[in-house]
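Peer 1: All I have is the shape, not the residue letters:
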């Protein structure tokens, strides 16, 4: 096979956004020379200006080379709308061209996604003031609460809004559950619990028990509060049911929030949305003469009724609103026999950018999340470019996943290939680099027969499919495959396994816990020159093998009975069949 050389940094020929940060990106220091140490040294910095010769096969060295570039300091955390975006999308396009792919969006490499950025001003002086018990409580931004507007308004003034505790903030007729029954929350501030009733109650008969449903996701809770006419909603953070610490909430809400404009997403939006720490909620409820923890337990029981508090909330938000454009990057290997049928691989290229207020290392490099997914996407694309599949294979590096899966939402609304001609989506997000495993976790196990095909792929490699080790964390709703699933397209999301070849499940669980606690959405998610990529490359080959199985067959995966997405897919395919008659 011919081996191709890469010139990693080319001239920036693509204008990815209308506006970008003016900060210049500092050059990364070269790797320090190896030397004897008595304890593990810190991670060595990755650099973007290296030369590397790529193979058409999927290899650990090639995967690592892509990852070093994507997660380098030069790329400044890959925030949409910045120089980091232009570097990232340009790199992906240059790789697609080098491999011999075709543009995947109707002759174009990019699919332009409109975005609205809302940057909260003067955060240190933003406070949630609550009048209660004859006095006033103030909750500070960052340490006790976070807030912002979801309506892309420069000035929002919430004054003396009645406060109501609405349990989980769920309205689910099919589950005979409505936390808003009998209460009018129009113009009021609602306090909401995170996750599902079944999680805290540990009752498998409530929703899906400990497994999170979409009703448990924070995005749903804000959407439902807006549908109910609330002026503000605050979710009470608790680490275990949220599945991440307060530091994740704080960092996510301290940077500008991106969203699709209302013309693309007309669903109701809250004037004020935010989170409270558990301790802040306890203090707020106590001042109003209530016990938060007692009421939270009551909310687990069917028939719970919302509880108005003797409290009124006020907050003033001034924000800078910026309209911009960001890009999905889409490459294609056209099918040799059935070019109108497509398998889609997705991975988001964006991360959180940089925070100049942080001391030391201010860049959110996002090496694992999701430099690994982009490295996998590129490796698989290069392999398919050599193989000439029967069906078309698309490679979509999507934007604004960290802002609410916005790039994939736009893709699904404006698909380059009709969704009823889209065979499946295979999504790759935050692939762990922990060594070889005997399994691979499928998120949302039990949804469709795509996972059964994946099990066959792993069986040929002497491995097995395992279910999500933490279904209560709602991983199925937290990455880009979910937008395809909501549209009825069979979608697979799989992670590296937990049962490690060396160390077993205990070692795998310890590694996963360490990443979530110490690196997820933190500046410490950086490339480490000491990593071993054999295990993650094995997983990338499994993703490729599943796509190859689909691309060279006539199989159309289906959702299993009981999946909430089955009826959507059947309706879409039935409409297509009717048109053909």
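Peer 2: Sure thing, it's come through. All values derive from a computational prediction rather than experimental measurement.

Peer 1: Please make it C-alpha for all contacts and neighbour counts, starting now.
Peer 2: Noted.

Peer 1: In this structure, where is pLDDT below threshold?
Peer 2: Counting by pLDDT under 70, the chain shows low-confidence ranges at 1-49, 575-581.

Peer 1: Secondary structure class of the residue nearest the centre of it, three-state.
Peer 2: Taking CA atoms, centre = their mean as the criterion, residue 479 is the residue nearest the geometric centre of the chain, at 4.0 Å. Look at residue 479: counting by DSSP: H, G, I helix; E, B strand; the rest coil, its state is coil.

Peer 1: got the contact list for it?
Peer 2: Counting by CA atoms under 8 Å, 6 or more residues apart in numbering, residue 479 touches 401, 405, 427, 429.

Peer 1: Can you give me the distance of it to residue 369?
Peer 2: Separation of residue 479 from residue 369 (CA to CA, to the nearest Å) stands at 11 Å.

Peer 1: Give the next helix or strand downstream of the longest strand along the chain.
Peer 2: Longest strand of the chain, by residue count under DSSP state E: strand 307-333. Per DSSP states H and E, the first helix or strand lying C-terminal to strand 307-333 is strand 338-348.

Peer 1: helices and strands around that following strand, which ones?
Peer 2: Under the contact definition 3 or more CA pairs under 8 Å, 6 or more residues apart in numbering; DSSP states H and E, strand 338-348 sits against helix 372-387, strand 391-398, strand 422-427, helix 534-551.

Peer 1: Can you give the strand pairings for that strand, parallel or anti for each?
Peer 2: Here strand 338-348 is paired, per DSSP bridges, with strand 391-398 (parallel), strand 422-427 (parallel).

Peer 1: how about the next helix or strand after the shortest one: buried residues?
Peer 2: Pointing back at strand 422-427 there. Later in the chain than strand 422-427, the nearest helix or strand by DSSP H and E is strand 439-442. Using 16 or more other CA atoms under 10 Å as the test for burial, strand 439-442 gives 439, 440, 441, 442.

Peer 1: elements contacting strand 439-442?
Peer 2: Looks like strand 439-442 contacts strand 464-467, strand 491-496 (3+ CA pairs under 8 Å, 6+ apart).

Peer 1: what comes into contact with the helix or strand following it?
Peer 2: As assigned by DSSP H and E, the chain's next helix or strand after strand 439-442 is helix 450-460. Identification of contacts with helix 450-460 by CA under 8 Å, 6+ apart yields 439, 442, 445, 464-465, 490-492, 542, 545-546, 557-558.

Peer 1: and with 6 Å instead?
Peer 2: If you take CA atoms under 6 Å, 6 or more residues apart in numbering as the criterion, helix 450-460 is touched by 464, 465, 546, 557.

Peer 1: Next one: the residue nearest to residue 171 when sequence neighbours are not counted from residue 564, what distance?
Peer 2: Among residues not flanking residue 171 along the chain, residue 178 sits closest, at 4.2 Å (CA to CA, 6 or more residues apart in numbering). Distance, residue 178 to residue 564, using CA to CA: 19 Å.

Peer 1: same question, residue 86
Peer 2: From residue 86 to residue 564 the distance is 38 Å (CA to CA).

Peer 1: Looking at these two, which one has more neighbours?
Peer 2: Set side by side, residue 86 and residue 564 show more neighbours around residue 86, with 23 against 14, by other CA atoms under 10 Å.

Peer 1: quick one: which helix or strand includes that one?
Peer 2: helix 83-99.

Peer 1: just checking, residue 523 touches residue 366?
Peer 2: No - counting by CA atoms under 6 Å, residue 523 does not reach residue 366; the two are 7.7 Å apart.

Peer 1: Which of these two has more residues huddled nearby?
Peer 2: residue 366 (31 against 22).

Peer 1: Lovely, talk soon.
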